[in-house]
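>>> Just a sequence and a predicted model for now, questions to come.
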Amino acid sequence: LAAVASPARTAVSEQPMVPGPVPLTPIQHWFLAQQPPRPDHFNQSVLLDVCAEVDAAQLDAALQQLLVRHDALRLRFRHEDGVWLQELPEEPAAIKLRQIRLPSATEECERLMQQTEERMHESLDLASGRLVAAVLFEPEGRQTRQLLLIVHHLVVDAVSWLFLLEDLDTACKQLAARKTISLPGRTGSWRHWAQSLQQDAESPVTRQEREFWSSAHEGQAIPSPHAGILEETRRCLSVTLPVECTQRLLDQASATWHMQMHEVMLAALAMTLTAHTGRPDINISIESHGREALAAGIDATRTVGWFTALYPVALHIDSPASLNDAMQAARQRLREVPRHGIGYGLLRYKGRNGAEEQAPPWGGVLMNYMGRTGRLLKKDSWFRFARPLRVSRAADSRVCFTWEINAWLGEDGLHVDWDYSEAMH
């Protein structure tokens, strides 16, 4: 995340927020093509400890400013004649900050917070544009207040939270100092980015990638879950590598293998799957940040939206595989991927209605390495994470992947979450 959000590019693109239709991006097509029974409930959330200097009224005003600044938060979605459409309305749906008084009893406090969060996840509505929910939990006594922020995943990703939380912190500090809110300059709008993707899908650069992606689905050793496997059966196995071991791994990855951490993660996962299946050919779906340079030259450095690129990677790992062989195979394969995989979605969901062009089914394994998530907040921020970024899906949604591996570097080491369905394992 830090690499994506670096200030290397400083171009500013102050664009007016013109209402009207916005093309769906490949990752939005991917989610909506699953025909989820309750598409309104597919959200990301953070729980933040709030500094005493933050006033509730000023916090509410700062939240409204996020709608003004980031056009993706203003979007509305509707389903017409079998086709999903997104558009920017004339007026956005306001963010309503709810204030909840919490009792002093710990168990009662936790129960009330959990019930409130569940209601808030269910409250988002794609059609009306209510895509953000905010709750300020205020415990009795002098305990730390906490802010729950929920945003629908169709309009946000992990990188976007960096800008949302930075802008929220900046606005609160400016209001507390009785200053006019003045946030960092806008980069390209979400609408401009979506339009540029649509144009890039027809470009010679993307068409030239078709041959590369033609063999991308080989080696489907782990099948996708069948339609009857639901989200309510999802469970998670979480492990954390201690700080000392994590640092040794990072040092060795760089010095010995000349690899980045996501390449090491892919090699380790491929070795695990090969040992589990006894098959040398493995296919893993990869998530990347998706904020690639396009021919249109749009700068998306601080743009909020769901930019993720999702693409398959086929690997051949001999069994038993040596560590060095697995590392080299993962490194070589990932570095062969053009434009970090953004072209795959453009080819798969090409066309105005996002029709999948004779695309094979996705495999059963997804890997998402998110980098250093602790850097989402600056050291002088008036907010602190009370828990990591979470994704919440409706209980009756279909599980898309047999195994979903999410990893990130935190202040206390490397975290790995391995999601699975108890109906299958």
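Thanks, I have the structure now.
>>> mind listing what the most centrally placed residue in the chain touches?
Compute the mean C-alpha point of the chain, and by CA atoms, centre = their mean the closest residue is D157, 3.2 Å away. Under the criterion of CB atoms under 8 Å, 6 or more residues apart in numbering, the contact partners of D157 comprise Q44, H289, G290, G305, W306, F307, T308. For glycine as for every other residue, the C-beta is placed from the backbone atoms N, C-alpha and C.
>>> 6 Å instead?
Residues counted as contacts of D157 (CB atoms under 6 Å, 6 or more residues apart in numbering) are W306, F307, T308.
>>> Next, count neighbours for the second one.
Counted by other CB atoms under 10 Å, the residues lying close to F307 total 25.
>>> and if you look at the first one?
Residue neighbour count, defined by other CB under 10 Å, stands at 22 for W306.
>>> so who does T240 touch?
Residues touching T240, when contacts are defined by CB under 6 Å, 6+ apart, comprise G413, H415.
>>> show me where the stretch 101-250 of the chain has helices.
Residue ranges of the helices in the stretch 101-250 of the chain, as given by DSSP state H, counting those that start in this stretch, are 106-123, 158-176, 190-200, 204-208, 210-213, 243-255.
>>> Tell me which of those helices sits nearest to P184.
Closest to P184 of those is helix 158-176 (CB to CB; 7.5 Å).
>>> just checking, what packs against the closest one?
helix 56-69 (3 or more CB pairs under 6 Å, 6 or more residues apart in numbering; DSSP states H and E).
>>> Contacts made by the following helix or strand past the helix it packs on with the rest, please.
Scanning forward in sequence from helix 56-69 by DSSP states H and E, the next helix or strand is strand 76-80. In this structure, residues lying in contact with strand 76-80 by CB under 6 Å, 6+ apart are L85, Q86, E87, P89, L126, A127, G129.
>>> What helix or strand is the first one located in?
Read that as L85. Assignment of secondary structure by DSSP H and E places L85 within strand 83-88.
>>> Give me the angle between that strand and helix 190-200.
Taking axes from the mean of the first three to the mean of the last three CA atoms, to 10 degrees, one finds that strand 83-88 is oriented at 140 degrees with respect to helix 190-200.
>>> quick one: contacts of strand 83-88?
Outside of strand 83-88, the residues within contact range by CB under 6 Å, 6+ apart are P19, P21, V22, L24, L32, R74, L75, R76, F77, R78, N353.
>>> now that strand against strand 76-80, angle please.
In terms of direction (the same axes, to 10 degrees), strand 83-88 departs from strand 76-80 by 150 degrees.
>>> could you dump strand 83-88 to CSV, C-alpha only?
What follows is strand 83-88 as a C-alpha-only set of coordinates in CSV (Å, rounded to 0.1, in the frame of the first residue of the first chain):
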residue,chain,number,x,y,z
VAL,A,83,-27.8,-5.1,-16.7
TRP,A,84,-26.2,-3.3,-13.8
LEU,A,85,-25.6,0.5,-14.2
GLN,A,86,-23.8,3.0,-12.0
GLU,A,87,-24.3,6.7,-12.1
LEU,A,88,-23.4,10.0,-10.4
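>>> how near is the residue nearest to P36 when sequence neighbours are not counted to W382?
Residue nearest to P36 in three dimensions, not counting chain neighbours: S397, with 5.0 Å by CB to CB, 6 or more residues apart in numbering. Between S397 and W382 the distance is 35 Å, computed by CB to CB, to the nearest Å.
>>> can you list the weak-confidence ranges in the stretch 251-400 of the chain?
Low-confidence segments of the stretch 251-400 of the chain, defined by pLDDT under 70: 295-296, 321, 351-358, 374-375.
>>> For it, which segments are assigned as helices?
Read by DSSP H, counting those that start in this stretch, the stretch 251-400 of the chain holds these helices, from start to end of the chain: 261-277, 323-336, 342-348.
>>> can those go into JSON lines with extra columns for mean neighbour count and distance to R207?
As requested, the helices of the stretch 251-400 of the chain are exported to JSON lines (neighbours: other CB atoms under 10 Å; distance: least, CB to CB, whole Å):
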{"stretch": "helix 261-277", "mean neighbour count": "20", "distance to R207": "27"}
{"stretch": "helix 323-336", "mean neighbour count": "16", "distance to R207": "18"}
{"stretch": "helix 342-348", "mean neighbour count": "25", "distance to R207": "8"}
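>>> Nearest to L249 among these would be which one?
Comparing the helices of the stretch 251-400 of the chain against L249 with CB to CB, the closest turns out to be helix 261-277 (7.1 Å).
>>> Summarise which helices and strands that closest one is packed against.
Packed on helix 261-277, when contacts are counted by 3+ CB pairs under 6 Å, 6+ apart, are strand 281-288, helix 323-336, strand 365-372.
>>> returning to what we had before: now render the helices of the stretch 251-400 of the chain as a markdown table, adding distance to R186.
Rendered in a markdown table, the data for the helices of the stretch 251-400 of the chain read as follows (distance: least, CB to CB, whole Å):
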| stretch | distance to R186 |
| --- | --- |
| helix 261-277 | 29 |
| helix 323-336 | 32 |
| helix 342-348 | 22 |
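>>> And the ones you listed: which comes nearest H70?
Nearest to H70, of all those, is helix 342-348, at 21.3 Å by CB to CB.
>>> Please tell me the pLDDT value assigned to D412.
At D412, the model reports a pLDDT of 90.
>>> separation between it and Y311?
Taking CB to CB as the criterion, D412 is separated from Y311 by 31 Å.
>>> what do you get for C400?
Where Y311 is concerned, C400 sits at a distance of 15 Å (CB to CB).
>>> Looking at the two, which one has more neighbours?
Of the pair C400 and Y311, Y311 is the one with more neighbours under other CB under 10 Å, namely 23 against 19.
>>> That one: what's it in contact with?
Under the criterion of CB under 6 Å, 6+ apart, the contact list for Y311 reads I286, G341, Y344.
>>> Could you give the bridge partners of it?
Here Y311 sits in beta bridges with I286, going by DSSP bridges.
>>> start at 47 instead
With the count now opening at 47, the last piece we talked about shows up as Y357.
>>> max-length strand in this protein?
With DSSP state E setting the assignment, residue counts place strand 429-439 as the longest strand in the chain.
>>> Give me the distance between that strand and the centre of its chain.
Its chain's C-alpha centre and that of strand 429-439 lie 12 Å apart, by CA atoms, centre = their mean, to the nearest Å.
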